[in-house]
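Novice: give me coordinates for this.
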Amino acid sequence: MRSITRDSRRATQDMDIDFIRYSISDDSIRAFIMALDCLPDIQIVQTGTITELKQQDYHGKRVHIRISDRTGDVIESKIDLGVHKHLQIEQEEYCFDIGCYDNGANLLINTKEQMFAEKLRSLLKFGPNSTRYKDIFDMYYLSEYVDVSKLKECIHEFIFADPGMRENSMEDVNKRIKRTFENESYVKNLTASRHNWLDENPRDVLSTLRSFLQKL
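Specialist: As a prediction, this is how the structure comes out:
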């Protein structure tokens with residue numbers, strides 16, 4: 001079994017998984033994690049307690065997990081499971097090829113475009129006061145893989161169509177982003193953050209991300 005690589009770390013860091021037909025009771029979640037732990041060279045175990053999530057568009061639970069392999073590599077991650085109210089946004093199917101090849105678990109997860117739009121909405125809400133610095137590096141990474149037309153649909157749904165948001169156009173979005181990214185206090189805090197999982201220059205990340213949004 002190949003050890004956990006940098007790419008696998010990226011792929012498994014923070015998965016937001018939306019269940020549609022499965023129970024999200026604590027017992028069911030614990031059973032699901034135990035079912036994932038079925039490969040001889042990789043161990044997946046729950047760590048900590050299961051916590052409740054109550055957000056504007058989402059209700060569910062968060063479970064923390066530890067993934068380790070026989071070489072000693074370890075990933076600490078989390079999985080959010082719940083119900084999302086934006087059912088018109090098509091989800092992606094994520095397949096866990098497990099169960100000794102006889103069975104598997106097919107889950108629906110948020111698309112790259114939805115994740116980007118939700119992180120962008122949070123940034124717009126809080127501006128320079130935002131402390132979700134990991135979102136910046138996540139958005140920078142996702143910007144290389146999103147489908148632009150689908151992203152525009154998600155931005156409309158999660159930002160422009162939200163009566164609680166002040167932005168009604170990409171021009172509004174870019175004005176807000178410009179003020180945030182040019183705020184020296186925000187840039188200083190972002191640079192000092194430990195959430196730069198890409199090991200990229202934070203100012204280059206902000207510049208690239210800003211250029212990407214200006215092209216939408």
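Novice: where does the prediction get shaky in the protein?
Specialist: By pLDDT under 70, the low-scoring segments of the chain are 1-23, 55-58, 83-108.
Novice: got the domain ranges for it?
Specialist: As given by automatic domain parsing, the domain ranges for the chain are 6-109, 112-214.
Novice: got TSV for those, with mean neighbour count too?
Specialist: All C-beta spots, glycine's among them, are computed from the backbone N, C-alpha and C. Listed next are the domains of the chain as TSV, based on neighbours: other CB atoms under 10 Å:
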stretch	mean neighbour count
domain 6-109	14
domain 112-214	16
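Novice: His59 falls within a helix, correct?
Specialist: No: His59: not assigned to a helix; according to DSSP: H, G, I helix; E, B strand; the rest coil it is strand.
Novice: doesn't Asp80 make contact with it?
Specialist: No: using CB atoms under 8 Å, His59 is not in contact with Asp80, being 10.6 Å away.
Novice: in this structure, mark out all the strands, start to finish.
Specialist: Using DSSP state E, the strands found in the chain span residues 14-18, 42-54, 58-69, 74-84, 92-96, 105-109.
Novice: do a quick rundown of the helices in the chain.
Specialist: For the chain, the helices defined by DSSP state H occupy 6-12, 26-36, 112-126, 133-142, 148-155, 170-181, 184-192, 202-214.
Novice: dump those helices to CSV, plus distance to Gly48.
Specialist: Formatted as CSV, the helices of the chain follow (distance: least, CB to CB, whole Å):
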stretch, distance to Gly48
helix 6-12, 17
helix 26-36, 12
helix 112-126, 23
helix 133-142, 19
helix 148-155, 31
helix 170-181, 32
helix 184-192, 26
helix 202-214, 29
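Novice: and of these, who's closest to Gly164?
Specialist: Distance to Gly164, taken as CB to CB, is lowest for helix 112-126 among those, at 8.3 Å.
Novice: contacts for that closest one, please.
Specialist: 16, 57, 86, 89, 91-92, 110, 130, 132, 135-136, 138-139, 142-143, 145-147, 150-151, 153-155, 157-159, 162, 165-167, 173, 176-177, 180, 213 (CB atoms under 8 Å, 6 or more residues apart in numbering).
Novice: run the angle between it and helix 184-192 for me.
Specialist: 140 degrees (axes from the mean of the first three to the mean of the last three CA atoms, to 10 degrees).
Novice: compute the inter-axis angle for helix 112-126 and helix 148-155.
Specialist: Using the same axes, to 10 degrees: helix 112-126 against helix 148-155 is 40 degrees.
Novice: what about stretch 161-169, how long is it end to end?
Specialist: Stretch 161-169 has an end-to-end distance of 10 Å (criterion: CA to CA, to the nearest Å).
Novice: now that stretch, how far from the centre of its chain.
Specialist: With CA atoms, centre = their mean, to the nearest Å as the basis, stretch 161-169 stands 22 Å off its chain's centre.
Novice: do stretch 194-207 as well
Specialist: On CA atoms, centre = their mean, the centre of stretch 194-207 falls 17 Å from the chain's centre.
Novice: do the same with stretch 132-145
Specialist: That offset, for stretch 132-145, works out to 9 Å (CA atoms, centre = their mean).
Novice: got the CA coordinates for that stretch in PDB?
Specialist: Taking C-alpha atoms only, stretch 132-145 is exported to PDB below (Å, rounded to 0.1, in the frame of the first residue of the first chain):
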ATOM      1  CA  ARG A 132     -11.000  32.200   8.100                       C
ATOM      2  CA  TYR A 133      -7.600  32.400   6.600                       C
ATOM      3  CA  LYS A 134      -7.600  28.800   5.400                       C
ATOM      4  CA  ASP A 135     -10.500  29.700   3.100                       C
ATOM      5  CA  ILE A 136      -8.100  32.000   1.100                       C
ATOM      6  CA  PHE A 137      -5.700  29.100   0.300                       C
ATOM      7  CA  ASP A 138      -8.700  26.800  -0.400                       C
ATOM      8  CA  MET A 139     -10.200  29.200  -2.900                       C
ATOM      9  CA  TYR A 140      -6.800  29.800  -4.500                       C
ATOM     10  CA  TYR A 141      -6.500  26.000  -5.000                       C
ATOM     11  CA  LEU A 142     -10.000  25.500  -6.200                       C
ATOM     12  CA  SER A 143      -9.800  28.400  -8.700                       C
ATOM     13  CA  GLU A 144      -7.600  26.100 -10.900                       C
ATOM     14  CA  TYR A 145     -10.300  23.400 -11.100                       C
END
